[in-house]
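Novice: how would this look folded up:
(2 chains)
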Amino acid sequence: NAGVTQTPKFQVLKTGQSMTLQCAQDMNHEYMSWYRQDPGMGLRLIHYSVGAGITDQGEVPNGYNVSRSTTEDFPLRLLSAAPSQTSVYFCASRMDGPPYEQYFGPGTRLTVT
Amino acid sequence: GDSVTQMEGPVTLSEEAFLTINCTYTATGYPSLFWYVQYPGEGLQLLLKATKADDKGSNKGFEATYRKETTSFHLEKGSVQVSDSAVYFCALTRRSSNTGKLIFGQGTTLQVKP
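Specialist: Residues are numbered from 1 along each chain as shown, chains lettered A, B, ... in the order given. The predicted model follows:
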(Lines give C-alpha, C1' and ligand atoms only; values in the text may rest on other atoms or scores of the structure.)
Protein backbone atom coordinates (compact mmCIF):
# COMPACT_ATOMS: atom_id res chain seq x y z
CA ASN A 1 0.00 0.00 0.00
CA ALA A 2 1.19 3.49 -0.83
CA GLY A 3 -0.91 4.93 2.01
CA VAL A 4 -1.72 8.62 1.56
CA THR A 5 -0.02 10.36 -1.34
CA GLN A 6 0.09 14.07 -2.13
CA THR A 7 1.23 16.04 -5.14
CA PRO A 8 3.03 18.30 -5.71
CA LYS A 9 5.62 18.37 -2.93
CA PHE A 10 6.47 22.01 -3.53
CA GLN A 11 4.63 24.81 -5.31
CA VAL A 12 5.14 28.53 -5.78
CA LEU A 13 2.16 30.62 -6.84
CA LYS A 14 1.62 34.28 -7.53
CA THR A 15 -1.17 36.11 -5.74
CA GLY A 16 -4.46 35.51 -7.51
CA GLN A 17 -3.48 32.27 -9.22
CA SER A 18 -5.47 29.11 -8.65
CA MET A 19 -4.30 25.55 -8.23
CA THR A 20 -5.34 22.12 -6.97
CA LEU A 21 -3.47 20.10 -4.38
CA GLN A 22 -3.97 16.42 -5.03
CA CYS A 23 -4.51 13.78 -2.36
CA ALA A 24 -5.15 10.08 -2.77
CA GLN A 25 -5.32 7.08 -0.45
CA ASP A 26 -5.44 3.37 -1.19
CA MET A 27 -6.65 2.13 2.19
CA ASN A 28 -10.38 2.37 1.37
CA HIS A 29 -10.87 4.93 4.15
CA GLU A 30 -14.17 6.78 4.15
CA TYR A 31 -12.92 9.75 6.17
CA MET A 32 -10.41 12.17 4.66
CA SER A 33 -9.28 15.62 5.74
CA TRP A 34 -7.01 18.55 4.94
CA TYR A 35 -4.90 20.41 7.48
CA ARG A 36 -2.54 23.32 7.20
CA GLN A 37 0.52 23.64 9.39
CA ASP A 38 1.87 27.06 10.29
CA PRO A 39 4.59 28.05 12.78
CA GLY A 40 3.05 28.93 16.12
CA MET A 41 -0.43 27.89 14.96
CA GLY A 42 -0.05 24.14 14.96
CA LEU A 43 -2.23 22.13 12.60
CA ARG A 44 -5.64 23.45 11.66
CA LEU A 45 -8.44 21.58 9.92
CA ILE A 46 -9.49 23.10 6.59
CA HIS A 47 -12.09 20.69 5.19
CA TYR A 48 -13.08 17.11 5.73
CA SER A 49 -15.13 14.39 4.09
CA VAL A 50 -16.91 11.40 5.59
CA GLY A 51 -17.40 9.66 2.25
CA ALA A 52 -17.77 10.13 -1.49
CA GLY A 53 -20.08 13.04 -2.23
CA ILE A 54 -19.99 14.39 1.34
CA THR A 55 -17.75 17.26 2.40
CA ASP A 56 -17.87 19.84 5.15
CA GLN A 57 -15.91 22.77 6.52
CA GLY A 58 -13.33 22.64 9.25
CA GLU A 59 -12.03 25.58 11.27
CA VAL A 60 -10.26 27.53 8.48
CA PRO A 61 -12.16 26.86 5.22
CA ASN A 62 -12.12 30.33 3.64
CA GLY A 63 -10.32 30.47 0.30
CA TYR A 64 -10.41 26.70 -0.22
CA ASN A 65 -12.81 24.34 -1.98
CA VAL A 66 -12.97 20.56 -1.89
CA SER A 67 -14.91 17.80 -3.60
CA ARG A 68 -15.02 14.04 -3.13
CA SER A 69 -16.13 12.16 -6.22
CA THR A 70 -14.42 8.90 -5.28
CA THR A 71 -13.39 7.21 -2.04
CA GLU A 72 -9.73 7.43 -3.05
CA ASP A 73 -9.33 11.10 -3.98
CA PHE A 74 -9.83 14.33 -2.07
CA PRO A 75 -8.37 17.36 -3.92
CA LEU A 76 -8.05 20.78 -2.33
CA ARG A 77 -8.54 23.81 -4.56
CA LEU A 78 -7.18 27.27 -3.93
CA LEU A 79 -9.45 29.61 -5.88
CA SER A 80 -7.39 32.80 -5.77
CA ALA A 81 -4.14 32.35 -3.86
CA ALA A 82 -3.15 34.87 -1.21
CA PRO A 83 0.12 35.24 0.71
CA SER A 84 -1.77 34.20 3.87
CA GLN A 85 -2.16 30.77 2.29
CA THR A 86 1.59 30.18 2.37
CA SER A 87 1.78 27.04 4.46
CA VAL A 88 2.43 23.32 4.50
CA TYR A 89 -0.67 21.34 3.62
CA PHE A 90 -1.32 17.82 4.84
CA CYS A 91 -3.97 15.39 3.72
CA ALA A 92 -5.03 12.61 6.07
CA SER A 93 -7.39 9.65 6.10
CA ARG A 94 -8.74 7.23 8.67
CA MET A 95 -10.96 4.24 9.10
CA ASP A 96 -14.41 4.43 10.59
CA GLY A 97 -14.32 3.06 14.11
CA PRO A 98 -11.97 3.36 17.09
CA PRO A 99 -9.30 4.33 17.76
CA TYR A 100 -9.81 6.81 14.91
CA GLU A 101 -6.14 7.35 14.17
CA GLN A 102 -5.41 9.36 11.06
CA TYR A 103 -2.70 8.63 8.51
CA PHE A 104 -1.00 11.61 6.95
CA GLY A 105 0.50 12.24 3.55
CA PRO A 106 3.99 13.74 3.09
CA GLY A 107 2.66 17.27 2.64
CA THR A 108 2.74 20.04 0.05
CA ARG A 109 4.81 23.12 0.82
CA LEU A 110 3.08 26.09 -0.81
CA THR A 111 4.52 29.58 -1.16
CA VAL A 112 2.35 32.43 -2.43
CA THR A 113 4.24 35.55 -3.50
CA GLY B 1 -13.39 23.17 24.36
CA ASP B 2 -11.03 20.28 23.87
CA SER B 3 -7.34 21.05 24.05
CA VAL B 4 -3.89 19.49 24.34
CA THR B 5 -0.94 21.02 26.13
CA GLN B 6 2.62 19.85 25.63
CA MET B 7 5.80 20.85 27.32
CA GLU B 8 7.64 23.51 25.43
CA GLY B 9 10.81 22.65 23.66
CA PRO B 10 13.32 22.35 22.40
CA VAL B 11 14.45 19.38 24.42
CA THR B 12 18.14 18.61 24.00
CA LEU B 13 19.49 15.28 25.21
CA SER B 14 22.61 13.24 24.82
CA GLU B 15 22.40 9.88 23.13
CA GLU B 16 21.18 7.08 25.46
CA ALA B 17 19.52 9.56 27.84
CA PHE B 18 15.99 9.01 29.17
CA LEU B 19 13.25 10.99 27.45
CA THR B 20 10.00 12.32 28.87
CA ILE B 21 7.74 14.70 26.95
CA ASN B 22 4.75 15.80 29.00
CA CYS B 23 1.27 15.98 27.52
CA THR B 24 -1.98 16.85 29.28
CA TYR B 25 -5.40 17.17 27.75
CA THR B 26 -8.84 18.63 28.34
CA ALA B 27 -11.77 16.80 26.81
CA THR B 28 -15.13 15.41 27.76
CA GLY B 29 -15.66 11.69 27.85
CA TYR B 30 -12.98 9.27 26.75
CA PRO B 31 -11.02 10.64 23.82
CA SER B 32 -8.54 8.55 21.87
CA LEU B 33 -4.98 9.77 22.44
CA PHE B 34 -2.05 9.73 20.05
CA TRP B 35 1.56 10.65 19.65
CA TYR B 36 2.73 11.64 16.18
CA VAL B 37 6.32 12.27 15.07
CA GLN B 38 7.43 14.60 12.30
CA TYR B 39 10.94 14.30 10.91
CA PRO B 40 12.38 17.33 9.08
CA GLY B 41 10.65 17.93 5.76
CA GLU B 42 8.26 15.02 6.20
CA GLY B 43 4.64 14.40 7.14
CA LEU B 44 3.29 13.26 10.47
CA GLN B 45 3.72 9.60 11.33
CA LEU B 46 1.61 7.89 13.93
CA LEU B 47 3.95 6.78 16.71
CA LEU B 48 1.53 5.24 19.21
CA LYS B 49 -2.06 5.36 20.40
CA ALA B 50 -4.37 4.56 23.32
CA THR B 51 -8.13 4.46 23.52
CA LYS B 52 -9.07 4.01 27.17
CA ALA B 53 -7.85 4.61 30.68
CA ASP B 54 -4.68 2.72 31.66
CA ASP B 55 -4.01 1.66 28.06
CA LYS B 56 -0.31 1.74 27.26
CA GLY B 57 0.68 2.52 23.70
CA SER B 58 4.16 1.49 22.59
CA ASN B 59 6.24 1.52 19.43
CA LYS B 60 9.95 1.70 18.56
CA GLY B 61 10.91 1.88 22.25
CA PHE B 62 8.51 4.76 22.96
CA GLU B 63 5.70 4.34 25.47
CA ALA B 64 2.80 6.40 26.78
CA THR B 65 0.06 5.50 29.26
CA TYR B 66 -3.46 6.93 29.16
CA ARG B 67 -3.99 8.40 32.63
CA LYS B 68 -7.59 9.44 33.10
CA GLU B 69 -7.13 10.64 36.68
CA THR B 70 -4.41 13.12 35.70
CA THR B 71 -5.64 13.65 32.10
CA SER B 72 -2.13 12.95 30.86
CA PHE B 73 -0.40 10.95 28.13
CA HIS B 74 3.32 11.50 28.67
CA LEU B 75 5.75 10.12 26.10
CA GLU B 76 8.80 8.20 27.38
CA LYS B 77 11.77 6.41 25.94
CA GLY B 78 14.48 4.75 27.95
CA SER B 79 17.43 5.45 25.66
CA VAL B 80 17.19 7.97 22.85
CA GLN B 81 19.20 7.88 19.65
CA VAL B 82 20.32 10.63 17.30
CA SER B 83 17.77 9.30 14.82
CA ASP B 84 14.97 10.19 17.27
CA SER B 85 15.58 13.88 16.64
CA ALA B 86 12.22 15.20 15.40
CA VAL B 87 9.12 17.13 16.43
CA TYR B 88 6.66 15.17 18.57
CA PHE B 89 2.95 16.00 18.68
CA CYS B 90 0.43 14.82 21.23
CA ALA B 91 -3.13 14.70 19.87
CA LEU B 92 -6.64 13.62 20.73
CA THR B 93 -9.89 12.94 18.95
CA ARG B 94 -13.35 12.33 20.34
CA ARG B 95 -15.56 9.64 18.89
CA SER B 96 -18.52 11.97 19.19
CA SER B 97 -16.80 14.71 17.20
CA ASN B 98 -18.80 15.76 14.15
CA THR B 99 -15.69 16.83 12.27
CA GLY B 100 -13.41 13.97 13.24
CA LYS B 101 -10.83 16.61 13.92
CA LEU B 102 -7.53 15.73 15.54
CA ILE B 103 -6.66 18.28 18.19
CA PHE B 104 -2.91 18.71 18.41
CA GLY B 105 -0.57 20.12 20.96
CA GLN B 106 1.93 22.68 19.74
CA GLY B 107 4.67 20.11 19.26
CA THR B 108 7.93 19.51 21.11
CA THR B 109 11.23 19.55 19.25
CA LEU B 110 13.68 16.89 20.39
CA GLN B 111 17.34 17.19 19.53
CA VAL B 112 19.60 14.27 20.42
CA LYS B 113 23.35 14.88 20.35
CA PRO B 114 25.92 12.13 19.87
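Novice: now the strands: where do they sit in the chain?
Specialist: Since you didn't name a chain, this refers to chain A. Along chain A, the stretches classed as strands by DSSP state E are A:4-7, A:10-13, A:19-25, A:31-38, A:42-51, A:54-57, A:64-66, A:76-78, A:87-94, A:102-104, A:108-112.
Novice: you answered for a different chain; I wanted chain B.
Specialist: Under DSSP E, chain B gives strands at B:3-6, B:11-14, B:19-21, B:23-26, B:32-38, B:44-50, B:56-59, B:62-65, B:75-77, B:86-93, B:103-104, B:108-113.
Novice: for A:Met27, which of the ones you listed is the nearest?
Specialist: strand B:44-50 (12.8 Å; C-beta to C-beta). Backbone N, C-alpha and C define where each C-beta goes, glycine included.
Novice: what packs against the closest one?
Specialist: Helices and strands touching strand B:44-50, as assessed by 3 or more C-beta pairs under 8 Å, 6 or more residues apart in numbering or on different chains; DSSP states H and E, comprise strand A:102-104, strand B:32-38, strand B:56-59, strand B:62-65.
Novice: before we move on, back to that, between the strands of chain B, which gets nearest to A:Glu59?
Specialist: Nearest of the strands of chain B (C-beta to C-beta): strand B:103-104, 10.3 Å.
Novice: what packs against that closest one?
Specialist: By 3+ C-beta pairs under 8 Å, 6+ apart, strand B:103-104 packs against strand B:3-6, strand B:86-93.
Novice: 6 Å - rerun?
Specialist: strand B:86-93 (3 or more C-beta pairs under 6 Å, 6 or more residues apart in numbering or on different chains; DSSP states H and E).
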